[in-house]
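Novice: I need the structure of the sequence given here:
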Amino acid sequence: MGDRLTAAALRSGVHQRSWSLLTLCAFLVLAAAGAAAPMFAEASDNATFQLRRDEIPATARQSDAAVVRLSADVGSKSADQQAVVGDMRKVPGLTAPDLTGGSIGAELATPRFWELTVAAGDRTDRGRFFVVGDPAGELVPVGAPATKDGLWLPEPMAESLGARPGDRITLTVVVGTQGESHRTTSTIAGFYAVDAGGRLPADVPGSNRWVLRHGDTPGDTEYETLPAYLLIGDVATVEPLAKAVDDQIFWSVEAALEPGVTLAEANRTAAAVEELRRDYATRQPPEGDSPTAFRFASGIGRIVATARATTETVRQRTRPVEWAATGVGLASVLAVALLSARRRERELRHAVAVGIAPVRVGGLWLLETLLPAVLGAALGWLVAWQLVVRLGPPGAVEESLLPAATAAGLAALAGLVTVAGVGTAAAARRVRPVPPATVRRQPPWAPIIVVAALVAAGGLLGAGGPAGGIDLLVPLLVLAAVGVVAGRLPGLLAARRRTLPGLLAARRRTLPGTPRRAMLWLARRRLGSGGAERQLAVVVVTAGLGMLLFALSAVDSTADMAEDRVAVAAGAEAVAPLPGSYVLDKQAVSPPRTGPFTPPPPGPVAGVRVPPLPAGNTIVWHTDVLSPIDNEQKDLLIIDPARFRDVALWGTGADLTAARQAVDLLLREPVAADRSVRMIAVADPASERLDSFPMKVGFESQDFTVAARVAAFPGMKGRPMFVAAADPLLGNLGVDDPRLKPLTEMPPGAAVAQASLWSAGGEAGIRTVTSAYGVRPDRVDTASHLRSDASYVATARARGYQVAIGGYLALLAILTLAVYAQRTAVQRRPTDLMLARVGLGRRRVRRARALEFVLLALVALAAAVAGVVALAPLGGRLLDDQPTLLPAFAFELSPSALVVTAVAVVVAIVLAVALAAVVSGVEEVAYRDD
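Specialist: As a prediction, the model looks like this:
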């Protein structure tokens with residue numbers, strides 16, 4: 001008998017039709033939640049690593065880039081370096097190592113004179129040897145090369161020598177003041193283009209090898225601060241020439257991190273590179289300034305460490321969400337198991353009556369669920385993989401596939417144990433029934449949930465500091481409380497029309513007069529007769545849909561908030577400090593010359609202006625002012641309103657929209673009627689008491705009138721700020737106007753305001769403008785760098801994972817409505833057959849059933865929307881990880897989130913109607929209470 005029960009239990013897992021499908025979906029949710037965590041973590045880590053790698057500027061040194069350069073004194077011949085090349089080749093994740101080398105003859109001869117000259121006819125020029133593996137592939141040729149053999153010379157040297165490819169040249173090294181010389185000849189293989197500095201080779205498009213080598217190539221023997229012109233060739237060409245002129249090559253082995261490596265692979269590479277460095281450093285201890293001292297440069301470890309710091313922040317934010325997702329999946333399995341226990345009440349009584357032990361019942365339930373659990377685990381792993389790959393962070397998912405499969409299996413195993421535990425407990429309850437004398441009272445769950453939600457929400461609002469992991473349960477609790485209230489609405493709606501005709505019709509015990517009215521009567525009657533099961537269904541569906549809506553809206557609100565805060569912190573896509581605005585104005589005027597006893601003329605200097613720049617660029621001046629209201633230092637931003645409006649970042653929030661409108665006010669009327677300068681007060685509560693007051697700007701005091709007050713503004717530096725238009729404010733400074741061209745090295749307005757260039761075109765836009773005027777800014781601050789900050793990345797990733805939880809809860813809501821539909825359809829089957837035969841018809845009965853589920857789903861949707869709206873005041877406490885930044889976080893319902901939630905409702909309705917239409921023909925149904 002035991003074997004027959006075991007075999008029947010295994011088969012029953014896939015023979016219960018709709019119930020098997022529901023069980024499969026529950027385990028799919030659980031397995032997907034478990035498998036998604038390691039996949040999401042790896043994808044996030046790899047995306048962050050690639051982001052940090054892409055941030056490396058093209059002008060970075062080798063010690064900051066994803067490369068390795070090792071120079072070891074293991075011998076003066078290239079053959080001696082093969083051991084170093086072999087050691088480099090053993091490091092995983094690196095490209096094939098290249099052997100390079102540069103002349104160190106001058107450094108070895110110090111302090112004696114040393115010089116290598118190249119002669120073509122009667123013309124000469126200086127140069128130094130440099131070896132690369134493939135000169136033709138690493139250089140940008142100028143003209144057609146003559147031969148593969150020979151030396152490549154820089155284009156400036158070609159002009160000074162007047163030579164052509166294929167010509168013979170004489171190489172001469174002179175050592176010492178006595179003129180000791182060594183001479184040999186070679187052929188010009190070709191000429192190569194040089195970079196903007198005019199010395200080093202230009203990089204081939206898509207490569208930055210020569211930029212990375214800046215500072216590591218031989219220096220010029222006369223102008224020691226400049227790199228030398230390089231005579232470039234391969235090993236077979238340069239090594240014999242260097243030996244012929246008694247020069248020595250110091251060899252280096254170079255390799256780069258392979259493209260597309262993952263963070264884990266890069267971490268292993270960094271560890272191996274560090275081990276290689278330590279090995280050679282211990283064998284070749286530092287030798288001071290020796291030209292053959294061991295040298296090592298690599299930025300791989302630094303890049304990995306920076307990426308790991310960001311990923312750790314991401315993990316701290318996502319770990320509570322991952323556990324919550326797994327908990328939601330386990331809750332869905334538990335819910336299906338509890339509903340199954342109620343569904344199989346009669347079967348449990350029969351099993352206990354024939355003497356089957358509770359543990360045996362639990363084991364049979366486990367066997368029944370085994371096949372759906374295995375299939376659900378496999379499908380959950382597949383679904384999680386595709387969701388992370390297609391909708392998750394843009395990072396590779398490779399090494400986490402096996403751990404994710406293990407996590408999905410463990411989650412499914414936990415679900416099986418849960419099902420077995422429910423089966424065992426349900427059977428044990430029948431073995432030891434409650435004594436008849438005991439009065440069972442159902443706890444008042446509805447008031448308890450509502451009170452708990454109110455207490456939790458109130459406590460969260462009153463608490464300080466950022467929200468913790470447990471606080472993420474508050475939205476679910478609030479939505480459940482709203483669902484409890486909404487669960488009573490269908491009964492109230494069904495009982496609302498207790499009119500006299502309705503009572504008379506009830507007394508006649510006849511159906512309404514028309515089939516259509518009868519269908520509506522049946523749907524309304526059944527909507528109000530669901531009892532506790534209907535209320536539970538409304539609670540779960542409301543909570544699931546509400547969490548989906550809340551999570552999607554949280555993602556959109558967080559993204560908008562991040563853009564707004566980047567706009568406030570950065571100001572524009574790129575900002576570069578300048579020595580003064582005059583450097584970008586070729587027609588800038590100078591202050592008038594005055595004698596030592598002649599006072600400067602009052603008023604604006606004739607011809608002074610804001611520099612006319614290309615569209616998408618503007619000059620902004622910044623200075624400190626002392627507010628007379630509270631005697632505190634404030635920032636003063638001086639702008640050209642017409643240009644500033646089109647260049648600054650404005651985000652999407654209401655605060656920055658108000659700031660943009662305030663700039664329009666300055667554009668229309670920069671000066672008040674009393675000739676005072678109009679300004680915008682930003683996040684300055686002190687100035688709310690006065691509309692006008694004087695402030696000292698530079699060396700003069702001016703009157704200001706507050707034209708608008710806003711909460712945030714592009715370019716804020718973390719303290720209250722004032723914003724004014726440039727022409728009326730700077731014009732009043734006279735000879736101290738910072739727009740004037742200086743007569744001396746000290747700009748006239750340097751003590752008044754510092755100028756910076758703001759560009760909507762990013763760093764490229766800054767470079768375009770400054771290069772046209774021959775200006776090299778000390779630094780360029782970009783908004784893209786702020787967007788890649790660890791806090792913003794972590795917040796975005798955590799909210800993205802929260803959407804997954806919302807999706808799981810929405811799926812649980814869909815399953816709940818489907819289970820409710822299946823149960824009510826089975827329980828009402830005799831009544832439906834009777835109503836169909838007495839004149840209502842099968843079609844109208846089905847329509848009444850469908851209308852009931854539609855109304856139930858719409859009630860839950862309306863309650864979900866109302867619950868999320870009620871959660872809006874808690875949005876800042878729950879979702880804002882940096883509450884001290886401006887602008888303040890604002891949680892808003894997202895239209896796209898509403899659309900997605902509505903689609904989930906439609907799917908739930910369609911599935912509920914379809915399951916309710918299925919008539920079960922399984923024999924075991926006769927032994928169950930369904």
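
Novice: check for me that V68 belongs to a strand.
Specialist: Yes: per DSSP: H, G, I helix; E, B strand; the rest coil, V68 lies within a strand segment.

Novice: does it touch S298 like I think?
Specialist: Yes: using C-beta atoms under 8 Å, V68 is in contact with S298, at 4.4 Å. The C-beta positions use only the backbone N, C-alpha and C, and glycine is treated the same way.

Novice: in terms of helices and strands, where is the one residue sitting closest to the centre of the chain?
Specialist: The chain has V793 as the residue nearest its centroid, 3.8 Å off, counting by C-alpha atoms, centre = their mean. V793 belongs to helix 790-827 when assigned by DSSP states H and E.

Novice: so which bits of that helix are buried?
Specialist: 790-826 (16 or more other C-beta atoms under 10 Å).

Novice: ok, now which ones touch G190?
Specialist: With contact taken as C-beta atoms under 8 Å, 6 or more residues apart in numbering, G190 is in contact with A136, L139, P141, V142, G143, A144, P145, A146, G150, W152, L153, P165.

Novice: so what's the second one closest to, chain neighbours aside?
Specialist: Of all residues beyond its chain neighbours, the one nearest L139 is Y192 (3.9 Å), with distances taken as C-beta to C-beta, 6 or more residues apart in numbering.

Novice: the one you found contacts G143, correct?
Specialist: No: using C-beta under 8 Å, Y192 is not in contact with G143; the gap is 9.9 Å.

Novice: helix or strand: which one has H182?
Specialist: Short version: H182 belongs to strand 180-192, going by DSSP H and E.

Novice: before we move on, what about K741?
Specialist: Using DSSP H and E, no helix or strand contains K741.

Novice: OK, contacts around it?
Specialist: Counting by C-beta under 8 Å, 6+ apart, K741 makes contact with G580, Y582, D585, A588, V589, S590.

Novice: just the buried ones from these, in ChimeraX syntax?
Specialist: For the buried members of these, the matching ChimeraX selection, counting by 16+ other C-beta under 10 Å, is:
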select :580,582,585,588,589
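
Novice: now, among the contacts of K741, which is nearest to V910?
Specialist: The nearest member of the contacts of K741 to V910, counting by C-beta to C-beta, is D585 at 67.0 Å.

Novice: out of the contacts of G190, which are inside helices?
Specialist: Within those, membership in helices is found for A136, as judged by DSSP state H.

Novice: closest one of the contacts of G190 to V482?
Specialist: Closest approach between those and V482, by C-beta to C-beta: L139, at 70.0 Å.

Novice: lowest average confidence, helix or strand, in the chain?
Specialist: None of the helices or strands of the chain scores lower by mean pLDDT, DSSP states H and E than helix 500-508, at a mean of 42.

Novice: so where is the stretch 251-400 of the chain shaky, pLDDT-wise?
Specialist: Residue ranges of the stretch 251-400 of the chain with pLDDT under 70: 286-288.

Novice: strands along the stretch 301-450 of the chain, start to end?
Specialist: Using DSSP state E, counting those that start in this stretch, the stretch 301-450 of the chain contains no strands.

Novice: quick one on the thing from earlier: check the offset of the helix holding V793 from the chain's centre.
Specialist: Remark: helix 790-827 is offset 22 Å from the chain centroid, using C-alpha atoms, centre = their mean, to the nearest Å.

Novice: helices or strands up against it?
Specialist: The contact analysis (3 or more C-beta pairs under 8 Å, 6 or more residues apart in numbering; DSSP states H and E) places helix 790-827 against helix 18-54, helix 300-343, helix 531-570, helix 842-871, helix 895-916.

Novice: the fourth one - contacts with which helices or strands?
Specialist: Helix 842-871 sits against helix 473-487, helix 489-494, helix 515-527, helix 531-570, helix 790-827, helix 829-835, helix 895-916, with contacts defined as 3+ C-beta pairs under 8 Å, 6+ apart.

Novice: chain center to it, what's the gap?
Specialist: 36 Å.

Novice: what angle separates it from helix 473-487?
Specialist: 140 degrees (axes from the mean of the first three to the mean of the last three C-alpha atoms, to 10 degrees).

Novice: list the buried residues in helix 842-871.
Specialist: Neighbour-count burial for helix 842-871 [16+ other C-beta under 10 Å]: 844-857, 859-861, 863-868, 870-871.

Novice: quick one: residues contacting the nearest residue to V91 once chain neighbours are set aside.
Specialist: Residue nearest to V91 in three dimensions, not counting chain neighbours: A272, with 4.4 Å by C-beta to C-beta, 6+ apart. Shown in contact with A272 (C-beta under 8 Å, 6+ apart): K90, V91, P92, G93.

Novice: setting the sequence-adjacent residues aside, check what's closest to I300.
Specialist: Nearest non-adjacent residue to I300, counting by C-beta to C-beta, 6+ apart: A270, 4.8 Å away.

Novice: one more: L584?
Specialist: Nearest residue to L584, sequence neighbours excluded (C-beta to C-beta, 6+ apart): P611, at 4.6 Å.

Novice: sec struct for that neighbour, please.
Specialist: coil.

Novice: for it, list the residues it contacts.
Specialist: Taking C-beta under 8 Å, 6+ apart as the test, what P611 contacts is S581, Y582, L584, D585, A588, I619, R739.

Novice: doesn't Y582 make contact with the fifth one?
Specialist: It refers to A588. Yes: between A588 and Y582 a contact is recorded at 3.9 Å, counting by C-beta under 8 Å.

Novice: quick check: neighbours shared by the two?
Specialist: By C-beta under 8 Å, 6+ apart, A588 and Y582 have these common neighbours: P611, R739, L740, K741.

Novice: which among those residues gets closest to T311?
Specialist: Checking those against T311 with C-beta to C-beta, the nearest one is P611 at 43.5 Å.

Novice: wait, D630 touches A686, no?
Specialist: Yes: with contacts counted by C-beta under 8 Å, D630 reaches A686, the gap being 4.2 Å.

Novice: stretch 53-69: end-to-end distance?
Specialist: Using C-alpha to C-alpha, to the nearest Å, the end-to-end distance of stretch 53-69 comes out at 18 Å.

Novice: and that stretch, how far from the chain's centre?
Specialist: Computed by C-alpha atoms, centre = their mean, the chain-centroid distance of stretch 53-69 equals 22 Å.

Novice: same check, this time on stretch 623-636
Specialist: Stretch 623-636 has its C-alpha centroid displaced from the chain centroid by 37 Å (C-alpha atoms, centre = their mean).

Novice: that one: which residues count as buried?
Specialist: Neighbour counts using 16+ other C-beta under 10 Å place T623, V625, S627, I629, K634, D635, L636 of stretch 623-636 among the buried residues.

Novice: just the endpoints, please. Distance across that stretch?
Specialist: OK, stretch 623-636 end separation, C-alpha to C-alpha: 5 Å.

Novice: any idea of the mean pLDDT for that stretch?
Specialist: Across stretch 623-636, pLDDT averages out at 90.

Novice: ok, now stretch 782-799?
Specialist: 76.

Novice: repeat that for stretch 899-909.
Specialist: If you average the pLDDT over stretch 899-909, you get 91.

Novice: mind listing what's buried along it?
Specialist: In stretch 899-909, counting by 16+ other C-beta under 10 Å, buried: V900, T901, A904, V905, V907, A908, I909.

Novice: count of neighbours near the residue lying closest to the first one once chain neighbours are set aside?
Specialist: Right, V900. Among residues not flanking V900 along the chain, L552 sits closest, at 5.9 Å (C-beta to C-beta, 6+ apart). Using other C-beta atoms under 10 Å, L552 is surrounded by 25 other residues.

Novice: do S557 as well
Specialist: Residues contacting S557 under the criterion other C-beta under 10 Å number 25.

Novice: swap in D880?
Specialist: 20.

Novice: give me the element the closest residue to it other than its chain neighbours is part of.
Specialist: Computed as C-beta to C-beta, 6+ apart, the closest residue to D880 that is not its neighbour in sequence is F889, at 3.9 Å. F889 is part of no helix or strand when elements are defined by DSSP H and E.
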